[in-house]
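# Just a sequence and a predicted model for now, questions to come.
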Amino acid sequence: MSEVKTFTTPVGVLARKLLDHSSFLIMNLLLKPGEAVEKHNMPDDAFFYVVKGCGIIEVGEEQTSAGETDIVFSPKNTPRGLYASPDREFHVLIVRSPVSAG
């Protein structure tokens, strides 16, 4: 993963696009201490896998404290957000199952 070029997402978070396939998308989000991806609605199923650090993963009205190797599922059309701890990085893989056109 570390060899894949990083870019800044539209919400200002550093990321790597690891795989973009018609069946799924894998992104590695690299949140700095205290950074957040504010809760937003997405039309796809997804799961988060914590690679490094710890933080909060919010899915709908539920907040989960997540650390390395934890997995959190987020069903489609459910608001989701990520919040890094104030003193630790939060590196998270997100695997999304894109909505099919049709």
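Perfect, I can see it now.
# Mind naming the longest strand for the protein?
Ranked by residue count, the top strand of the chain under DSSP state E comes out as strand 45-59.
# what pairs with that strand, and is each one parallel or antiparallel?
According to DSSP bridges, strand 45-59 has the following sheet partners: strand 62-67 (antiparallel), strand 71-74 (antiparallel), strand 80-84 (antiparallel), strand 90-97 (antiparallel).
# Please spell out which residues along that strand are buried.
By 16 or more other Cβ atoms under 10 Å, the buried positions in strand 45-59 come out as 45-51, 53-59. Every residue, glycine included, has its C-beta placed from N, CA and C.
# about what we covered before: including mean pLDDT, distance to residue 11 and mean neighbour count, could the strands paired with strand 45-59 go into JSON lines?
Putting these into JSON lines (pLDDT from 0 to 100; distance: least, Cβ to Cβ, whole Å; neighbours: other Cβ atoms under 10 Å) gives the following:
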{"stretch": "strand 62-67", "mean pLDDT": "97", "distance to residue 11": "19", "mean neighbour count": "13"}
{"stretch": "strand 71-74", "mean pLDDT": "97", "distance to residue 11": "16", "mean neighbour count": "16"}
{"stretch": "strand 80-84", "mean pLDDT": "97", "distance to residue 11": "10", "mean neighbour count": "20"}
{"stretch": "strand 90-97", "mean pLDDT": "96", "distance to residue 11": "13", "mean neighbour count": "20"}
